[in-house]
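Q: with the sequence up front, the predicted model follows.
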Amino acid sequence: MCGVSSCCAGVLAAMRSGCGQCWIFLRPVRDKVLDNAGLAEGDTVLDVGCGDGLIAFGALERIASGTVIFSDISQELLDHAQSLAQEMGLLDRCRFLLAPAEDLSALEDASVDVVTTRSVLIYVAAKQQAFKEFYRVLKSGGRLSIFEPINRFSIEISEQPHCFAGFDVTPVMDIAQKVKALYQQLQPRDSNPMLNFDERDLIAYAEQAGFKEIHLELQAKVTSPKDGDWEAFLRAAGNPKIPTLEEAMRQVLTPEETARFVARLRPLVEARQGVHRSAVAYLWAVK
């Protein structure tokens, strides 16, 4: 819970229609991932976990020649990206691969110049195997550039008994613990892919895969909550794999417990009297 250069008109329109405000928020992430990748004309770029194509289309717009491989575990997303590429007249420079990050066996050894990912490893249990695959498919001198949220940093404060989502709930700790226990059961800190790594692990994965030149930039923030909207807080989930607070309370609390918990938590949320922690990491490496 507590938790480029100017665009061509076609790519800009397509990305905006696909992501809306999310696209605007993620554009700096896309740009930094691509900056760290050091793209060059003629490169073959593999975007692992391409989603709606944010990074992949950004790569296509940066280089006038070369190929971008859209890779994802969702055929629906790949079909969507393929349709966009066709509309923009870029289909001849694209390939589409249905594959998980940890199994890129459809690609030959040393067959790509650049591997990129954005918020992919948080869904991958076999992270070390994924790094091995990134290394394997890269040519000598090839570049890896990734972005990952460091969720372990975000949840550390809420692991304190008196704290829930960055707010002091000391008078209702017993109730808060029931909600926290549900989240911990669904996503155990030490085994769930969303939470079981930090920036040091990313470096270790890259080293063990064989990368010799590795760079990592950690961006961490500790601030007051930006939003005091209780309804938004109630209906928000820390990540797509867990229930919202409203759903969690319904599952584990009695009506009386819910009333007590809300009576303590809601005023704190609306007054923004809490602590918000967030961290992301950019890693780039050369084979």
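A: Received it, and whenever you're ready, just let me know what you need.

Q: quick one: contacts for K132?
A: Taking Cβ atoms under 8 Å, 6 or more residues apart in numbering, we find K132 in contact with A209, G210. In this view, the C-beta of every residue, glycine as well, is placed from N, C-alpha and C.

Q: name the element it belongs to?
A: helix 127-137 (DSSP states H and E).

Q: check I24 too.
A: Short version, using DSSP H and E: I24 is in helix 21-37.

Q: partners of the helix or strand following that helix in the sheet?
A: For helix 21-37, the following helix or strand on the C-terminal side (DSSP H and E) is strand 44-48. Here strand 44-48 has these sheet partners by DSSP bridges: strand 67-72 (parallel), strand 112-118 (parallel).

Q: which residues in this protein form strands?
A: For the chain, the strands defined by DSSP state E cover 44-48, 67-72, 94-98, 112-118, 138-149, 163-164, 167-168, 213-223, 276-286.

Q: domain assignment for this structure?
A: 9-150+197-222+278-286, 154-186+227-271 (automatic domain parsing).

Q: tell me the most buried of those?
A: Ranked by mean neighbour count, these are led by domain 9-150+197-222+278-286 with a mean of 18 (mean count of other Cβ atoms under 10 Å).

Q: pLDDT (mean, whole number) over that domain?
A: Taken as a whole, domain 9-150+197-222+278-286 carries a mean pLDDT of 92.

Q: CA-only coordinates of stretch 226-242 in PDB, if you can.
A: These are the backbone C-alpha positions of stretch 226-242, laid out as PDB (Å, rounded to 0.1, in the frame of the first residue of the first chain):
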ATOM      1  CA  LYS A 226       0.500  14.100  -2.300                       C
ATOM      2  CA  ASP A 227      -3.200  13.400  -2.400                       C
ATOM      3  CA  GLY A 228      -5.700  13.600   0.500                       C
ATOM      4  CA  ASP A 229      -8.600  12.100  -1.500                       C
ATOM      5  CA  TRP A 230     -10.000   9.400   0.800                       C
ATOM      6  CA  GLU A 231     -12.200   7.800  -1.900                       C
ATOM      7  CA  ALA A 232      -9.200   7.400  -4.200                       C
ATOM      8  CA  PHE A 233      -7.100   6.000  -1.300                       C
ATOM      9  CA  LEU A 234      -9.900   3.500  -0.400                       C
ATOM     10  CA  ARG A 235     -10.100   2.200  -4.000                       C
ATOM     11  CA  ALA A 236      -6.400   2.100  -4.700                       C
ATOM     12  CA  ALA A 237      -4.300  -1.000  -4.800                       C
ATOM     13  CA  GLY A 238      -0.500  -1.000  -4.100                       C
ATOM     14  CA  ASN A 239       0.000  -3.000  -7.300                       C
ATOM     15  CA  PRO A 240      -2.200  -4.900  -9.800                       C
ATOM     16  CA  LYS A 241      -1.800  -8.200  -7.900                       C
ATOM     17  CA  ILE A 242      -3.500  -7.200  -4.700                       C
END
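
Q: list the contacts of it.
A: Under Cβ under 8 Å, 6+ apart, the answer for stretch 226-242 is 1-3, 122, 151, 154-155, 165, 183, 186-187, 194, 243-246, 248, 266, 269-272, 276.

Q: export the strands of the chain as JSON lines, with columns for distance to L78.
A: Putting the strands of the chain into JSON lines (distance: least, Cβ to Cβ, whole Å) gives the following:
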{"stretch": "strand 44-48", "distance to L78": "11"}
{"stretch": "strand 67-72", "distance to L78": "5"}
{"stretch": "strand 94-98", "distance to L78": "5"}
{"stretch": "strand 112-118", "distance to L78": "16"}
{"stretch": "strand 138-149", "distance to L78": "20"}
{"stretch": "strand 163-164", "distance to L78": "39"}
{"stretch": "strand 167-168", "distance to L78": "41"}
{"stretch": "strand 213-223", "distance to L78": "30"}
{"stretch": "strand 276-286", "distance to L78": "25"}
